[in-house]
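In: have a look at this prediction, sequence included:
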Amino acid sequence: MKILIVGLDCAAPELLFGDEKLVNFRRLMELGCYGRLESVIPPITVPAWMCMATSQDPGSLGVYGFRNRADYSYKNLSIVNSKSIVEPAIWDHLAREGKRSVVIGVPPGYPPRKVNGIFVGCFLTPDTATSIFTHPPELSQEINALVGGYQTDVKGFRTDDKARLRDEIFEMSRKQFEVVRHYMKTTEWDFFQFVDIGLDRVHHGFWKYHDPKHIHHEPGNPYQNVIRDYYRRLDDELATVLELVDDETVVLVVSDHGAKALDGGFCVNEWLVQNGLLVLKEYPQKITPFANLNVDWSRTRVWSEGGYYARVFFNVKGREPEGVVEPAEYETFRDEIKALFEATVDDKGIKLGTLVFKPEEIYRNVRNVAPDLIVHFGDLSWRSIGGVGYPSVHTFENDTGPDDCNHAQFGAFILAAPGLKLSGEIEGARLIDVAPTLMDLGGYDIPPTMLGTSLQGRGVSQNADSSVYSCDEEKEVRDRLSGLGYIS
């Protein structure tokens with residue numbers, strides 16, 4: 001049975017399910033099941049898509065965002081790439097069954113993964129004109145010729161030139177779907193997955209124009225329908241894709257996380273400086289990124305990386321080069337800092353509702369160098385700002401350019417498949433349940449390493465009972481093993 005995944009990065013359930021003119025999405029909803037899909041923590045493109053593909057959490061992958069500490073030094077941060085993920089993805093499991101896959105735009109997808117089939121890189125590709133972004137390599141030239149220069153992302157999407165941004169996102173999406181249809185028609189495949197990154201860029205670039213509740217909304221603005229129009233463009237593209245599959249194909253539309261209005265930025269390192277937890281040898285005269293600050297590590301106890309969420313690190317004695325936090329005091333100190341973050345307030349003195357997580361409490365495993373704390377300011381209504389030199393810990397200007405939205409914890413899914421036991425809107429679905437559900441529907445064994453469970457076996461672990469024996473057969477084998485001394 002073939003499996004088709006249409007990935008919509010950042011698709012918001014309230015928008016995907018709420019527009020009656022999205023007729024092709026709604027037809028799929030009527031044929032199968034749909035609902036909100038709980039993402040991982042943090043709900044961010046990397047590592048979320050690979051958490052979905054591997055059925056692992058970020059801790060088990062050892063990837064906590066786009067940049068990760070390579071060791072316990074202060075400066076050695078590495079940008080994630082495809083080789084950062086070592087756990088097998090669903091297409092790797094299917095390859096062991098001799099199945100061919102086409103994977104397009106799934107992050108992190110550079111350098112291109114060697115799959116049994118075709119792989120086309122994601123937005124982390126440096127330059128499609130000069131880089132090999134496909135497997136096999138010769139397809140890079142073929143794709144560029146097919147669409148007249150393939151795009152994996154729009155350049156400078158945090159811009160005030162909204163007309164240019166809108167036009168480039170729509171054009172990028174057109175080219176990407178042309179490549180999708182080309183390989184759906186011209187190559188043999190059993191598994192096909194594509195991720196549209198344009199929706200994420202549209203949300204970040206145009207959310208305030210479409211959302212009347214956004215603090216910077218401008219009624220009657222010329223861009224208020226850009227997000228609506230992009231969803232409807234995706235609906236049209238979905239129709240052309242569905243024409244290329246038969247009724248025996250498993251079809252999944254899915255997002256890695258949702259979207260929500262961004263109210264402001266919380267300057268986390270500025271706040272740490274004010275609280276005496278981050279000590280500088282000299283305070284900057286202008287807004288300065290954390291990497292360029294002159295930190296006094298001999299007196300610093302806490303620092304943070306900014307982004308859509310905060311990765312908070314402690315300067316622990318014996319772990320970091322100039323650590324000062326005593327290991328024996330680590331847990332007590334971590335609880336104190338957690339409480340301080342949870343008590344943060346907005347610019348009006350109202351509690352933000354900040355969520356703070358300890359990695360070992362939310363992940364099955366904690367690999368590589370994890371943050372000591374993960375912080376969602378205002379439950380992600382506020383962005384984490386890493387620079388220092390701001391007049392306040394609250395800012396309404398993003399440090400990386402205009403950005404109207406943050407990620408939300410819940411994305412969306414629509415699933416239609418022959419023999420599907422589920423229908424209508426369902427609750428409780430998780431991103432890590434996607435891969436085992438697809439393998440279940442496809443008739444494949446679910447690998448015991450997967451953390452999620454098939455949605456068709458709600459409340460029953462698909463990995464808990466791996467027995468292939470009947471009761472009588474199991475008794476016979478058990479007796480044999482007992483006689484051989486292997487069990488007692």
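Out: Sure, I can see it.
In: so how far is stretch 176-196 from its chain's centroid?
Out: Chain-centre distance of stretch 176-196: 21 Å, with C-alpha atoms, centre = their mean, to the nearest Å.
In: hey, C-alpha coordinates of that stretch in PDB?
Out: Provided in PDB are the C-alpha atoms of stretch 176-196 (Å, rounded to 0.1, in the frame of the first residue of the first chain):
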ATOM      1  CA  GLN A 176       8.100  23.000  -5.500                       C
ATOM      2  CA  PHE A 177       4.700  21.400  -6.300                       C
ATOM      3  CA  GLU A 178       5.700  21.100  -9.900                       C
ATOM      4  CA  VAL A 179       8.700  19.000  -8.800                       C
ATOM      5  CA  VAL A 180       6.400  17.000  -6.500                       C
ATOM      6  CA  ARG A 181       4.000  16.100  -9.400                       C
ATOM      7  CA  HIS A 182       6.900  15.400 -11.700                       C
ATOM      8  CA  TYR A 183       8.300  12.700  -9.500                       C
ATOM      9  CA  MET A 184       4.900  11.300  -8.500                       C
ATOM     10  CA  LYS A 185       4.400  10.700 -12.200                       C
ATOM     11  CA  THR A 186       7.800   9.700 -13.400                       C
ATOM     12  CA  THR A 187       9.300   7.500 -10.700                       C
ATOM     13  CA  GLU A 188       8.300   4.300  -8.900                       C
ATOM     14  CA  TRP A 189       7.500   4.900  -5.200                       C
ATOM     15  CA  ASP A 190       5.900   3.300  -2.200                       C
ATOM     16  CA  PHE A 191       6.400   6.200   0.200                       C
ATOM     17  CA  PHE A 192       6.300   9.900  -0.800                       C
ATOM     18  CA  GLN A 193       6.700  12.900   1.600                       C
ATOM     19  CA  PHE A 194       6.900  16.600   0.800                       C
ATOM     20  CA  VAL A 195       7.100  19.600   3.100                       C
ATOM     21  CA  ASP A 196       5.900  23.000   2.000                       C
END
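In: what residues of it count as buried?
Out: Within stretch 176-196, the residues scored as buried using 16 or more other C-beta atoms under 10 Å are 176-180, 183-184, 189-196. To be clear about C-beta, it is placed using only N, CA and C from the backbone, and glycine gets the same treatment.
In: pLDDT of it, averaged?
Out: The pLDDT scores in stretch 176-196 average 98.
In: just list whatever residues bridge to the closest residue to W382 other than its chain neighbours.
Out: Spatially, and ignoring its direct neighbours in sequence, W382 is nearest to F266 (4.8 Å; C-beta to C-beta, 6 or more residues apart in numbering). For F266, the residues forming beta bridges with it (DSSP bridges) are S384, H394.
In: near F266, how many other residues are there?
Out: F266 has 28 neighbours, counted by other C-beta atoms under 10 Å.
In: for H257, see how far away it is.
Out: Noted for F266: a distance of 20 Å to H257, by C-beta to C-beta, to the nearest Å.
In: repeat that for H217.
Out: Noted for H217: a distance of 22 Å to H257, by C-beta to C-beta.
In: between those two, who's got more neighbours?
Out: Neighbour count, other C-beta under 10 Å: between H217 and H257, H257 has more, with 30 against 16.
In: who touches V279 in this structure?
Out: With contact taken as C-beta atoms under 8 Å, 6 or more residues apart in numbering, V279 is in contact with V273, V295, D296, R299, T300.
In: show me which of these are buried.
Out: Among the contacts of V279, the ones that count as buried by 16+ other C-beta under 10 Å are V273, V295, T300.
In: and these as TSV, adding distance to R113 and secondary structure?
Out: Below are the buried ones among the contacts of V279 laid out as TSV (distance: C-beta to C-beta, whole Å; DSSP: H, G, I helix; E, B strand; the rest coil):
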residue	distance to R113	secondary structure
V273	42	helix
V295	37	strand
T300	39	coil
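In: how about the contacts made by F133?
Out: Shown in contact with F133 (C-beta under 8 Å, 6+ apart): Y110, P112, V120, G121, T125, S140, Y150, T152.
In: still on that earlier bit, so the residue nearest to W382 sits against S381, correct?
Out: No - contact criterion C-beta atoms under 8 Å: F266 and S381 do not qualify, at 10.0 Å.
In: identify the contacts common to the two.
Out: Common neighbours of F266 and S381 (C-beta under 8 Å, 6+ apart) are L352.
In: in three-state terms, label L420 for me.
Out: Under DSSP: H, G, I helix; E, B strand; the rest coil, L420 falls in the coil class.
In: next one: phi and psi at it?
Out: Backbone geometry at L420, expressed as degrees, to the nearest 10, gives phi -60, psi 130.
In: and it, what does it touch?
Out: Residues counted as contacts of L420 (C-beta under 8 Å, 6+ apart) are G32, C33, L441, Q456.
In: so K175 sits in a strand?
Out: No - K175 is assigned helix when assessed by three-state DSSP, not a strand.
In: which of the contacts of V279 sits closest to G306?
Out: G306 has its nearest neighbour among the contacts of V279 in V273, at 13.6 Å by C-beta to C-beta.
In: which parts of the strand or helix carrying L234 are buried?
Out: Assignment of secondary structure by DSSP states H and E places L234 within helix 226-242. For helix 226-242, the neighbour count (16+ other C-beta under 10 Å) marks 226-228, 230-235, 237-238, 241-242 as buried.
In: what about the closest residue to K155 other than its chain neighbours, which SS state?
Out: Nearest non-adjacent residue to K155, counting by C-beta to C-beta, 6+ apart: E168, 7.9 Å away. Under three-state DSSP, E168 falls in the helix class.
In: I'd say E168 and V154 touch.
Out: Yes - counting by C-beta under 8 Å, V154 is a contact partner of E168 at 4.5 Å.
In: what about those two, which has more around it?
Out: Neighbour totals were compared for E168 and V154, and V154 leads with 23 against 20 (other C-beta under 10 Å).
In: now do the strands in the stretch 151-300 of the chain.
Out: In the stretch 151-300 of the chain, the strands defined using DSSP state E, counting those that start in this stretch lie at 191-196, 250-254, 258-261, 264-267.
In: mind listing residues that contact the last one?
Out: Spelled out, it's strand 264-267. For strand 264-267, contacts defined as C-beta under 8 Å, 6+ apart pick out 215, 310, 344, 346-347, 352, 377-378, 382-385, 387-388, 390, 392-399.
In: now that strand: average pLDDT?
Out: In this model, strand 264-267 carries a mean pLDDT of 96.
In: cool, and the third one?
Out: Within the predicted structure, the mean pLDDT of strand 258-261 is 96.
In: could you list the low-confidence segments of this structure?
Out: Residue ranges of the chain with pLDDT under 70: 399-400, 458-488.
In: give the burial count for D167, as a bare number.
Out: By other C-beta under 10 Å, 12 other residues sit near D167.
In: from the chain's centre, how far out does stretch 435-454 sit?
Out: The answer for stretch 435-454 is 20 Å, by C-alpha atoms, centre = their mean.
In: who's in contact with it?
Out: 1, 3, 5, 52-57, 60, 87-90, 93-94, 97, 250, 252, 364, 415, 417, 419-420, 430-434, 455-457, 460-463, 466.
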